[in-house]
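Participant: need the 3D shape of this:
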Amino acid sequence: MAKKKRYTTSFGSPVDDDQNSVTAGDPGPVLLQDVHLVHKLAHFNRERIPERVVHAKGAGAFGYLEVTHDLSKYTKAKFLSKVGKKTDLFVRFSTVGGEKGSADAERDPRGFAVKIYTEEGNYDLVMNNTPVFFIRDPMKFPDFIHTQKRNPATNTKDPDMFWDFLSLTPESIHQVTILFSDRGTPKTHRHMNGYSGHTYKWYNDQGEYWWVKYHFKTAQRIQNFTRQEAEIMKGKDPDHATRDLYDAIERGDYPAWNVEVQIMPPEDAEKYRFNIFDITKVWPHGDYPVKPLGRMVLNRNPTNYFADVEQSAFCPGNFVPGIAASPDKMLQGRIFSYHDAHRYRLGANYEQLPINAPKGPVHNYQRDGFMRREETSGHPNYWPNSMGGPEPDPTTAEPQFEVTGKVGRHAYSHPNDDFIQPRALYEKVMTDSDRDHLIGNIVDHLGNAKKEIQLRQTAIFYRVHPEYGTRVAKGLKLDITEVKRLAKQHK
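Facilitator: Residues are numbered from 1 along each chain as shown. Here you go, the predicted model:
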């Protein structure tokens, strides 16, 4: 037999006995001086870090992004600089509203977060499997998420909370229509797309810039569960998608996605028929066709789920030169909120954990804090200094763009309403079968809410399309005359 490894404490000291506590005689009592026992019990008490407040249930894998088409005239990001260039990455898929132990087949948007380890630092794309979101202002986010969680009195999921908020937030209707189609229950993580939703800024060395949206299209083709199939899978195997991703990679069936972008010149933004910074809206492909960029392949499983998947931390504010934020309100809020959530959940130095750490060197003046790993002794901890410390590089600055207006809390004022795009989705994109499933899924869920909430939400469906509202009203046995009255009243 090979020589056995010696059991040690976490500090490397050998352990003489891991079965019997140190006691004062037989049978005891136990002595506090048993350092191994105390450390073992104390560590056990801390094995669970705080659960993510959203995206708690997830699965992840390593892979790479390969550039297949040259779009370098739009961005100076080095990882996109030439065809054939490959960059390592890590991806975490997740459900949004459920707890860590929830089922993979729940009706829920899916998180699709990508951490790209570029030579200029980490670039994070924090996406979903839907191209739009429920709200467009970060002020509403905590309230929205509260409605997707448990009732604080009953500690159960509450359809009244869920639909009350949505029925009072008409901007949500585009996402609601997608969520209650079969796209709300993807068959696996491998069989869904990822969308940035947010608009980002790309810029080049000449100081030119463009507005950009990302699309990751599954090479496995989209596959979804029906409501009935999802219900069966939740009971049969709550971890089916987590298992599927791991098993596919283990057998060498590496999942892949084709990466595409929509690119808009800045002069188009002000006169475009939709607000391009509103995450409840898409840019129709007829206006701005997608351009192929690259291919993402996942080819390696984590060897330690906690270290890699549970401790992975993404933020849409992690940019590299050539890519920057846009004035999208939700993006602006997320740029703060994500880093702050990770500092609470993982600690002030969470970016030094191996899964989150960049591949290249890090030079800054941050010091100390819990779990500090980087060695910075002998260097100044302030800027400016004359000790040869790292200094800012003004050549990496993004191009400026003009903003105007009065400071205040401004209500949304774009002339296009929130019903045009979901109307096109219902009327022109969905098939008869898609619409049948949509109505059935809504009736099944909304039917558990109070009648007054059913009426208010069905009036929003009616404003999207009369047939849409009428069919939901019929399924819920609502008075269609009252639905029409409410729809007209709120125009």
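Participant: contact partners of stretch 217-236?
Facilitator: The contact list for stretch 217-236 (CB atoms under 8 Å, 6 or more residues apart in numbering) reads 103-107, 182-183, 185-188, 190-193, 240, 255-260, 295, 437, 440-441, 444. Quick note: C-beta positions are derived from backbone N, CA and C, even for glycine.
Participant: so which of those residues sit within helices?
Facilitator: 240, 437, 440-441, 444 (DSSP state H).
Participant: quick one: contacts for residue 449?
Facilitator: Residue 449 is in contact with 159-160, 162-164, 457, counting by CB under 8 Å, 6+ apart.
Participant: about what we covered before: for ChimeraX, write the selection for the buried entries among the contacts of stretch 217-236.
Facilitator: Buried residues among those (16 or more other CB atoms under 10 Å), as a ChimeraX selection:
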select :103,104,105,106,107,182,183,185,186,187,188,190,191,192,193,240,255,256,257,258,259,260,295,437,440,441
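Participant: any idea which of the contacts of residue 449 is closest to residue 318?
Facilitator: Of all those, residue 162 has the smallest distance to residue 318: 31.8 Å, by CB to CB.
Participant: could you pull up phi and psi at the closest one?
Facilitator: phi -60, psi -50 (degrees, to the nearest 10).
Participant: what is the burial count for residue 305?
Facilitator: For residue 305, the neighbour count with other CB atoms under 10 Å is 15.
Participant: and residue 214, by the same measure?
Facilitator: Per other CB under 10 Å, the neighbour tally for residue 214 reads 21.
Participant: before we move on, what SS does it have?
Facilitator: Three-state call for residue 214 (DSSP: H, G, I helix; E, B strand; the rest coil): strand.
Participant: that one reaches residue 127, doesn't it?
Facilitator: Yes: applying CB atoms under 8 Å as the test, residue 214 and residue 127 come out as touching, 6.9 Å apart.
Participant: list residues touching both of the two?
Facilitator: Common neighbours of residue 214 and residue 127, counting by CB under 8 Å, 6+ apart, are 194-196.
Participant: narrow those residues to those in strands?
Facilitator: Applying DSSP state E to the shared contacts of residue 214 and residue 127, the entries found in strands are 194-195.
Participant: what's the distance between residue 451 and residue 415?
Facilitator: Residue 451 is 34 Å from residue 415, where distance means CB to CB, to the nearest Å.
Participant: between the two, which has more neighbouring residues?
Facilitator: residue 451 (12 against 7).
Participant: so what's the residue nearest to that one when sequence neighbours are not counted up against?
Facilitator: Leaving aside its chain neighbours, residue 451 sits nearest to residue 478 (7.6 Å; criterion: CB to CB, 6 or more residues apart in numbering). By CB under 8 Å, 6+ apart, the contact list for residue 478 reads 451, 454-455, 458, 472.
Participant: with secondary structure as added columns, please give these in JSON lines.
Facilitator: Supplementary listing: these in JSON lines, determined by three-state DSSP:
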{"residue": "451", "secondary structure": "helix"}
{"residue": "454", "secondary structure": "helix"}
{"residue": "455", "secondary structure": "helix"}
{"residue": "458", "secondary structure": "helix"}
{"residue": "472", "secondary structure": "helix"}
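Participant: now do stretch 218-228: distance to the chain's middle.
Facilitator: Offset of stretch 218-228 from its chain centre (CA atoms, centre = their mean, to the nearest Å): 19 Å.
Participant: buried sites along that stretch?
Facilitator: Judged by neighbour count (16+ other CB under 10 Å), stretch 218-228 contains these buried residues: 218, 220, 224-225, 227.
Participant: with stretch 136-144 instead?
Facilitator: For stretch 136-144, burial by neighbour count (16+ other CB under 10 Å) applies to 136-138, 140-141, 144.
Participant: ok, now stretch 62-76?
Facilitator: Using 16+ other CB under 10 Å as the test for burial, stretch 62-76 gives 62-67, 71-72, 74-76.
Participant: helices along the stretch 251-400 of the chain, start to end?
Facilitator: Listed in chain order, the helices of the stretch 251-400 of the chain (DSSP state H, counting those that start in this stretch) span residues 266-269, 305, 329-346.
Participant: may I have the first one exported as CSV, CA atoms only?
Facilitator: The reference is to helix 266-269. Below are the C-alpha coordinates for helix 266-269, written out as CSV (Å, rounded to 0.1, in the frame of the first residue of the first chain):
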residue,chain,number,x,y,z
PRO,A,266,-24.8,56.1,-30.2
GLU,A,267,-26.5,58.5,-32.6
ASP,A,268,-29.3,56.0,-33.0
ALA,A,269,-30.1,55.8,-29.3
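Participant: other residues contacting that helix?
Facilitator: Under CB under 8 Å, 6+ apart, the answer for helix 266-269 is 209-211, 276, 401.
Participant: circling back: switch the shared contacts of residue 214 and residue 127 over to JSON lines; also include neighbour count.
Facilitator: Formatted as JSON lines, those follow (neighbours: other CB atoms under 10 Å):
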{"residue": "194", "neighbour count": "28"}
{"residue": "195", "neighbour count": "20"}
{"residue": "196", "neighbour count": "23"}
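Participant: okay, the shared contacts of residue 214 and residue 127 in CSV with pLDDT and distance to residue 334 next?
Facilitator: Listed next are the shared contacts of residue 214 and residue 127 as CSV, based on pLDDT from 0 to 100; distance: CB to CB, whole Å:
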residue, pLDDT, distance to residue 334
194, 98, 16
195, 98, 15
196, 98, 12
